[in-house]
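Participant: Need a 3D model of the sequence below.
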Amino acid sequence: MTRKYFGTDGIRGRVGVHPINAEFMLKLGWATGRVLGNGAATRVVIGKDTRISGYMFESALEAGLSAAGVDIRLLGPMPTPSIAYLTRTMHACAGIVISASHNPHHDNGIKFFSAQGTKLPADVEAAIEAELENPMVTVSSDKLGKAERVEDARGRYIEFCKSTIPSRISLRGLKIVVDCANGATYQVAPSVLEEMGADVIGIGVEPNGLNINEECGSTMPQHLCERVLKEGADLGIALDGDGDRVIMVDHKGELVDGDELLFIIAASRKKNEQLSGPVVGTLMSNLGLEHALHRLNIEFKRARVGDRYVMEMLNEHGGVVGGESSGHIICLDRTSTGDGVVSALQVLATMMQQNVALHELKQGMTKYPQHMINVPLVRCLDVDKDESIQTAVRQAETCLAGKGRVLLRSSGTEPLIRVMVEGEDEALVHRQAKLLAEVVEHAVTGHAESA
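Facilitator: Predicted structure coming up:
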């Protein structure tokens, strides 16, 4: 169904540009309260990352919800998955996260969780959008919602994270560098690891409202790689601005991406007879992951790109583990949504249980060379209907000779077309990706000039 505001991951955009402005957030809070509050005595929890605009939007949403007669519990800067957890445990009717995830500070967005700690169903999103078209009417003053700050939110979530691995497991003896992207995990992640006994070195833990994801975190892990080597650490953990993504770095300074982490977790679950259903990746998941899982007799399925679609396929087929190359890892046997800290703990637990370094754990999977180029999208373009692009795709597939893949897709969170080529020959993969990206860029530019 076509959405006016909701994308694949909530509502997101540039701060100050409709709909990411205070006026819209006021109305959005009200509409959400009207749809989810349903006239009953209910509460909504609100959390945010460390962007400076979060204060403005928190206040606007709070006012809108109150006007609809819904109570509000303010959690402050907290990771996105913690909002899912606290929505469930506080028996709220919904959770709202103010975050643009891995985007820079000048972007922001809104994500929603249902009472069960899952993303809102499409029909509920549609109902909220429909309510936004109606005039805003405030309930009588005796029915206005009340707002309170939850002082122990961080401690509750830290305890939950620790509970997702066996209590007998200690991280004592591990030196870990954790990069919190100057984002929502800057207090939580180091605390979890320290309380479990690790020697923790924190970077990206000094947010100022403007430096979230700035040359740090899971999207820019170069500094983490360098720091792991400099400190002689056992590994590094990189989270994104809102804490639902994670990638890791082994003791040799080599990246361990979402596909490799998914393999490690799935293989461990299989070994411990805790894996049910298929493992779910996406269209972007590396072929090496698929082949490695098949060698372990683990079924693998591909969903559309986006953790929403991974979740849908897991639920449809009774799976418990899935994820994306970017580091969105979902462990439904531990929590209800993708969680960077919880996912990292599953890997750390495997290391400690098997007494094996991260570098060795990832050796069961050999990645195919994969190259992706992001082409800025200045106006709408249907790549499936552009003949020049489709001709270039067929030519690239012919060159790969059945030993690779070509994938073009529009980003669900940014104005980009992602061009991905994967195959056995790295030089060929890079060459074909570059040629294909040039064709896409020319098509985009041509459409823009003719408009």
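
Participant: Might you report the residue contacts of the nearest residue to residue 293 once chain neighbours are set aside?
Facilitator: Once flanking residues are discounted, residue 293 sits nearest to residue 300: 4.7 Å by C-beta to C-beta, 6 or more residues apart in numbering. Where you see a C-beta, it was placed from the backbone N, CA and C, and this is true even at glycine. Residues in contact with residue 300 (C-beta atoms under 8 Å, 6 or more residues apart in numbering) are 278-281, 289-290, 293-294.

Participant: give me that answer again for 7 Å
Facilitator: Neighbouring residues of residue 300 by C-beta atoms under 7 Å, 6 or more residues apart in numbering: 278-279, 281, 290, 293-294.

Participant: Same check on residue 348?
Facilitator: residue 171.

Participant: Mind doing that once more with 10 Å?
Facilitator: Counting by C-beta atoms under 10 Å, 6 or more residues apart in numbering, residue 348 touches 165, 169, 171, 174, 176, 193, 196, 198, 234-235, 237, 248, 358.

Participant: And residue 5, how far from residue 37?
Facilitator: According to C-beta to C-beta, to the nearest Å, residue 5 and residue 37 sit 19 Å apart.

Participant: These two: which has the busier surroundings?
Facilitator: residue 37 (22 against 17; other C-beta atoms under 10 Å).

Participant: pLDDT value on residue 378, please?
Facilitator: Residue 378 carries a pLDDT value of 74.

Participant: State the three-state secondary structure for it.
Facilitator: Residue 378 carries the three-state label coil when classified by DSSP: H, G, I helix; E, B strand; the rest coil.

Participant: That one against residue 415, yeah?
Facilitator: Yes - assessed by C-beta atoms under 10 Å, residue 378 is found in contact with residue 415 at 7.5 Å.

Participant: Helix or strand: which one has residue 87?
Facilitator: Applying DSSP states H and E as the criterion places residue 87 in helix 80-89.

Participant: Mind listing what's buried along that helix?
Facilitator: 80-88 (16 or more other C-beta atoms under 10 Å).

Participant: Counting by contacts, list what that helix packs against.
Facilitator: strand 43-48, strand 71-77, strand 94-98, strand 107-114, helix 153-162, helix 340-354 (3 or more C-beta pairs under 10 Å, 6 or more residues apart in numbering; DSSP states H and E).

Participant: what about the ones you listed, which gets the closest to residue 189?
Facilitator: helix 340-354 (5.4 Å; C-beta to C-beta).

Participant: buried ones in the closest one?
Facilitator: Result for helix 340-354 [16+ other C-beta under 10 Å]: buried residues 340-352.

Participant: Would you mark the buried spots in the longest helix along the chain?
Facilitator: When the chain is parsed with DSSP state H, its longest helix is helix 426-450. Residues 428-429, 432-433, 436-437, 439-441, 443-444, 447 are the ones in helix 426-450 that count as buried (16+ other C-beta under 10 Å).

Participant: same question, stretch 402-420
Facilitator: 404-409, 413-414, 417-420.

Participant: Taking those together, which two end up most distant?
Facilitator: Largest pairwise distance in the buried residues of stretch 402-420, by C-beta to C-beta, is 26.1 Å, between 404 and 413.

Participant: Tell me if I'm right that residue 340 and residue 237 touch.
Facilitator: Yes - assessed by C-beta under 10 Å, residue 340 is found in contact with residue 237 at 8.1 Å.

Participant: Nice, that's everything, thank you.
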